[in-house]
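> I would like the atomic coordinates for the input below:
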Amino acid sequence: MDAELIYRAVTTLAKGVSVTLTLASIAVAIGFCLGLGLAVMRVSSSRLLSGFAEYYSAVFRGTPLLVQLFLFYYGLGQFDAVRDNAVAWWVIGDAMHCAILALALNTAAYTSEILRGGLMSIPVGLVEAAKAAGMSRVLRFRRIEFPLAIRQALPAYGNEIVLVIKGTSLASTITVLEITGHAKRLMSQTYAIFEIFTIAGLFYLAINMVLIFAVRRLEARLASPGR
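The predicted structure is shown next:
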């Protein structure tokens, strides 16, 4: 391998790391909040709320993220109502904002299913005991249901965050210059496909290894006695 090419690839792709992390962190934060709300809706007694959450999850989990990204960025921008609305166009008209929206809505669907599984795994006896102690619905959720659900869901949710990190690579298809975006641009200049995308893969691997390590440490911390 050409040392000069490798140096150029590493320094160029490193510029996209901050964009990749920004995309993933904002999308995960929004997606977790939305996913938690959807999970609560799924386990609620309201057929309307549970039905909406179920269909939302089915639509976003049943269609490719790339298709969703194209529909938001290229599709919605064709409508006058979107272009004339300042808030909507601020989101759809900017590639970075649109990528965050697509990633957040997509991960919210998967997060809702992960958290729903955690909520459903809580022993009924604990909930009944909390009710008997006079805890309100909000207090039960905050002090019993949510902490236990997170412990159960954390391994699967850690995998979902890894998938979001990898999913950010699709943002390059709508001109966002994250790691893959810089790799594609550099490849068109040098035609060194193998070298450049190997280095790009190593960047993603390094980010995800750090993430996996952090999730495992958090799992161990939550599993420790007295936590």
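> going forward, measure contacts and count neighbours with C-alpha atoms only.
Will do.
> And the helices in this structure, which stretches?
For the chain, applying DSSP state H gives helices covering 3-14, 17-42, 47-62, 65-70, 80-84, 86-92, 95-120, 124-132, 137-140, 146-167, 179-190, 193-223.
> out of the ones you listed, deepest packed?
helix 95-120 (a mean of 24; mean count of other C-alpha atoms under 10 Å).
> Show me what that one is packed against.
Helices and strands touching helix 95-120, as assessed by 3 or more C-alpha pairs under 8 Å, 6 or more residues apart in numbering; DSSP states H and E, comprise helix 17-42, helix 47-62, helix 65-70, helix 86-92, helix 146-167.
> what sits against Leu23?
Going by C-alpha atoms under 8 Å, 6 or more residues apart in numbering, Leu23 touches 96, 99-100, 168.
> ok, 6 Å please
Ile100 (C-alpha atoms under 6 Å, 6 or more residues apart in numbering).
> sorry, back to before: figure out which of the helices and strands packed on helix 95-120 is closest to Leu177.
Of all the helices and strands packed on helix 95-120, it is helix 17-42 that lies closest to Leu177, at 7.3 Å by C-alpha to C-alpha.
> any idea of the mean pLDDT for the closest one?
Averaging pLDDT along helix 17-42 yields 96.
> thinking again about what came up before, tabulate the helices and strands packed on helix 95-120 (TSV), appending distance to Thr107.
Putting these into TSV (distance: least, C-alpha to C-alpha, whole Å) gives the following:
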stretch	distance to Thr107
helix 17-42	6
helix 47-62	8
helix 65-70	10
helix 86-92	18
helix 146-167	7
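> mind listing what Leu13 touches?
179, 182.
> Mind pulling up the pLDDT for it?
pLDDT, Leu13: 95.
> And for Arg83?
Listed pLDDT for Arg83 reads 87.
> Present the helices of the chain as TSV; the columns should include distance to Thr173.
Shown next, in TSV, are the helices of the chain (distance: least, C-alpha to C-alpha, whole Å):
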stretch	distance to Thr173
helix 3-14	16
helix 17-42	14
helix 47-62	19
helix 65-70	8
helix 80-84	21
helix 86-92	15
helix 95-120	10
helix 124-132	47
helix 137-140	42
helix 146-167	11
helix 179-190	8
helix 193-223	16
